[in-house]
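Enquirer: Let's see this in three dimensions:
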Amino acid sequence: MIELFALALVRAQIAAAAAVLLVVILRPSARRLFGPRRAYGLWAIVPAAAAAAFFPSLAETMEIGDPARPWGAWAGKLVLLWLAGCVVATAVLVLRERLFHRRVDKGQAGPAVVGALWPRIVLPSDFAQRFDAREREMITLHERTHINRGDPIANLVVAVIGVLGWCNPMIHLASVLVRIDQELACDATVVALRSDIRADYARALMKAQMNASASPLSCGWATHPLILRVSLLNRREPSLTRDIIGFLTMTFLAISAMGTVWSVAPRGPNAGDLRPGLAAQIDPYTGAIVWVQAKR
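Expert: Predicted coordinates for the structure are as follows:
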């Protein structure tokens, strides 16, 4: 059982990395054709592709090709190493959150939404002095839009995926890019609701940009590239037809990613080969790895 899990874990990391690369390539075109909200939806491809790796592949279902050699004792060591990394990554995440909440308590962080399950808006102590009434209204609307869109829950999911993929550099890249796309999608939603606020909205962004606070789980008002966000405010909202096509396209890509991973994943070892106590040894004459029954 441990060996099958190790195999699925490696497959999931490879599938997730390939899916992130695909999203990185597609997101500029998706943003241009379907708008920032649908481009943000592209990131559903990554967990979909990774999840597909935990199901028996087409080759395993149809028994196509030669089965892979068992990993023996290496499988358990690999899983233990991955679990240790998950513990360290979780500790770092908790530490970052605690440091951020200390800044919140001192009035040095925000505007932002904190709390995944019970979100609330936090504001800096100088909020009323730094922003006028019009800007305060827009910032509050932006943060409430994050809550209505379910972005705090999405950030929790991203953080969990980051912990599970601590060894995958493409997951770390995705953790940064998905937050950028999330802010662009939220900006687009707010401007679609209030099309007359574009200029004031951009000014409020520029005021807050230098006072941004970072947190893995929060939705910050101005924690991402200013020039990109302001430039996208001037773009026209995609039509309803294009928006529907974008939704269907993102759904199709996510399902296709799962199908691709399922169909191309190689065949794993046969269940009958996964005998307990199987260990890897190197043949002293040929240098080949052979599998023998471990001594007890």
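Enquirer: Surely residue 237 is in a helix?
Expert: No. Counting by DSSP: H, G, I helix; E, B strand; the rest coil, residue 237 falls outside a helix, being coil.
Enquirer: Give me the neighbour count for it.
Expert: 15 (other Cβ atoms under 10 Å). The way it works is simple: take the backbone N, C-alpha and C, and place the C-beta from them, glycine included.
Enquirer: so it makes contact with residue 188?
Expert: Yes. Contact criterion Cβ atoms under 8 Å: residue 237 and residue 188 qualify, at 7.1 Å.
Enquirer: which residues are common contacts for these two?
Expert: Common contacts of residue 237 and residue 188, defined by Cβ atoms under 8 Å, 6 or more residues apart in numbering, comprise residue 35.
Enquirer: which residue ranges form the strands in this structure?
Expert: 112-114, 120-122, 219-220, 278-282, 289-293 (DSSP state E).
Enquirer: so who does residue 182 touch?
Expert: 40, 151, 154, 155, 219.
Enquirer: make that residue 45, sorry
Expert: So residue 45 contacts 19, 22, 23, 250, 253, 254, 257 (Cβ under 8 Å, 6+ apart).
Enquirer: Please name the nearest non-neighbouring residue to the fourth one.
Expert: With sequence-adjacent residues excluded and distances taken as Cβ to Cβ, 6 or more residues apart in numbering, residue 250 is closest to residue 41, at 4.2 Å.
Enquirer: do the same with the second one
Expert: The spatially closest residue to residue 22, leaving aside those adjacent along the chain, is residue 45, at 6.5 Å (Cβ to Cβ, 6+ apart).
Enquirer: What of the fifth one?
Expert: Closest residue to residue 253 apart from its sequence neighbours, by Cβ to Cβ, 6+ apart: residue 45 at 5.6 Å.
Enquirer: Can you list the low-confidence ranges for the stretch 1-150 of the chain?
Expert: 1, 60, 64-72 (pLDDT under 70).
Enquirer: how near is the residue nearest to residue 22 to residue 177?
Expert: Separation of residue 45 from residue 177 (Cβ to Cβ, to the nearest Å): 13 Å.
Enquirer: what do the two both touch?
Expert: Common neighbours of residue 45 and residue 177, using Cβ under 8 Å, 6+ apart, are residue 23.
Enquirer: Contacts only, for the residue positioned nearest the centre of the chain.
Expert: Nearest to the geometric centre of the chain sits residue 158, at 4.0 Å (Cα atoms, centre = their mean). Residue 158 sits next to 174, 175, 178, 179 when contact means Cβ under 8 Å, 6+ apart.
Enquirer: coming back round to it: with respect to residue 52, which of the contacts of residue 182 is nearest?
Expert: Closest approach to residue 52 among the contacts of residue 182 (Cβ to Cβ): residue 154, at 20.3 Å.
Enquirer: Quick check: pLDDT value at the closest one.
Expert: pLDDT, residue 154: 95.
Enquirer: let's have the chain start at 27 instead
Expert: Okay, using 27 as the starting number, the last item reads as residue 180.
Enquirer: Near it, how many other residues are there?
Expert: Residue 180: 18 neighbours (other Cβ under 10 Å).
Enquirer: Residue 173 versus the closest residue to residue 223 other than its chain neighbours, what's the distance?
Expert: Distance criterion Cβ to Cβ, 6+ apart; nearest residue to residue 223, sequence neighbours excluded, is residue 164 at 5.7 Å. Residue 164 is 15 Å from residue 173, where distance means Cβ to Cβ.
Enquirer: If you count surrounding residues, which of the two has more?
Expert: More crowded of residue 164 and residue 173, by other Cβ under 10 Å: residue 164, with 21 against 16.
Enquirer: what sits against the residue nearest to residue 276?
Expert: Residue 67 touches 272, 273, 276, counting by Cβ under 8 Å, 6+ apart.
Enquirer: Could you measure from it over to residue 132?
Expert: Taking Cβ to Cβ, one finds residue 67 at 36 Å from residue 132.
Enquirer: returning to that earlier point: when you check the contacts of residue 71 against the helices, which ones overlap?
Expert: Among those, the members found in helices (DSSP state H) are 45, 48, 49, 276, 279, 280, 283.
Enquirer: Format those residues as TSV; extra columns: neighbour count.
Expert: Shown next, in TSV, are these (neighbours: other Cβ atoms under 10 Å):
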residue	neighbour count
45	28
48	17
49	25
276	22
279	20
280	20
283	24
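Enquirer: Of the residues you listed, which is the nearest to residue 83?
Expert: After measuring those against residue 83 - Cβ to Cβ - the closest member comes out as residue 283, at 14.1 Å.
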